[in-house]
Every structure is written in structure tokens, then in C-alpha cells.
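**Student:** Sequence and predicted structure, then a few things I'm wondering about:
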Amino acid sequence: MGRYRLEKLLARGGMGALYQARHVGVDRPVAVKVMIPRALDFELESRRFIREARAAAAVNHPNVVQVFDVDADG
């Protein structure tokens with residue numbers, strides 16, 4: 001998480017958590033979704049997480065959050 005400073009937990013689900021955060025390099029507010037450690041143990045869930053990020057990044061619409069980064073290595 002070196003590029004991001006997590007500031008506040010917004011939501012937690014079965015596979016991950018969503019945080020209000022800040023991109024430290026450009027001092028910009030962002031949201032960061034992370035997988036919980038036990039979900040990282042399952043390759044299928046890790047691949048699904050990456051597919052979800054890529055699918056969301058492919059959508060360009062004002063009502064859809066923009067995805068700027070994804071990291072499969074944690």
C-alpha cells in the first residue's frame with residue numbers, strides 16, 4: 001500500500017474491505033478496495049478480484065467509479 005494512505009474503513013464484506021484513502025504521490029483522495037488475507041489464499045478469488053477491477057476499468061461512465069490501479073501481489 002505504499003502509494004496509498006488508508007484513512008477510514010468504509011465497508012467490509014466477505015472477501016474484502018473498502019477504504020477512504022489518499023494517493024500519497026499526487027495528494028488525491030481515492031477509494032481503495034483490498035482483499036482480506038484469508039481470501040488471498042484462494043487463487044480463484046484472487047483472479048476474480050483482478051477480473052472485476054479490469055471490467056470496471058473498461059467502463060467509462062459518470063455513474064461508474066473509475067479504476068486507476070490494481071495489484072495482485074499485495
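**Tutor:** That came through, no problem. Small disclaimer: the values here were computed from a predicted structure and weren't measured.
**Student:** so how many other residues sit close to the nearest residue to Val32 once chain neighbours are set aside?
**Tutor:** Among residues not flanking Val32 along the chain, Ala21 sits closest, at 4.3 Å (C-beta to C-beta, 6 or more residues apart in numbering). C-beta coordinates here come from the backbone N, C-alpha and C atoms, glycine included. Using other C-beta atoms under 10 Å, the number of residues around Ala21 comes to 21.
**Student:** Show me how far whichever strand or helix holds Ala21 is from its chain's centre.
**Tutor:** Assigned by DSSP states H and E, Ala21 belongs to strand 16-23. Relative to its parent chain, strand 16-23 has a centroid offset of 7 Å by C-alpha atoms, centre = their mean, to the nearest Å.
**Student:** send the alpha carbons of it over as CSV?
**Tutor:** Taking Å, rounded to 0.1, in the frame of the first residue of the first chain, the C-alpha atoms of strand 16-23 are listed here in CSV:
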residue,chain,number,x,y,z
GLY,A,16,-12.5,-7.6,1.2
ALA,A,17,-12.8,-4.1,2.6
LEU,A,18,-13.2,-0.7,1.1
TYR,A,19,-11.3,2.3,2.5
GLN,A,20,-11.3,6.0,2.0
ALA,A,21,-7.7,6.7,1.2
ARG,A,22,-5.2,9.2,-0.3
HIS,A,23,-2.8,8.7,-3.1
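**Student:** Adjacent strands (with direction) for that strand?
**Tutor:** The pairing partners recorded for strand 16-23 under DSSP bridges are strand 4-12 (antiparallel), strand 28-35 (antiparallel).
**Student:** So which elements touch the longest helix along the chain?
**Tutor:** Determined from DSSP state H, the single longest helix within the chain is helix 43-57. In terms of contacts (3 or more C-beta pairs under 8 Å, 6 or more residues apart in numbering; DSSP states H and E), helix 43-57 is packed against strand 28-35, helix 37-40.
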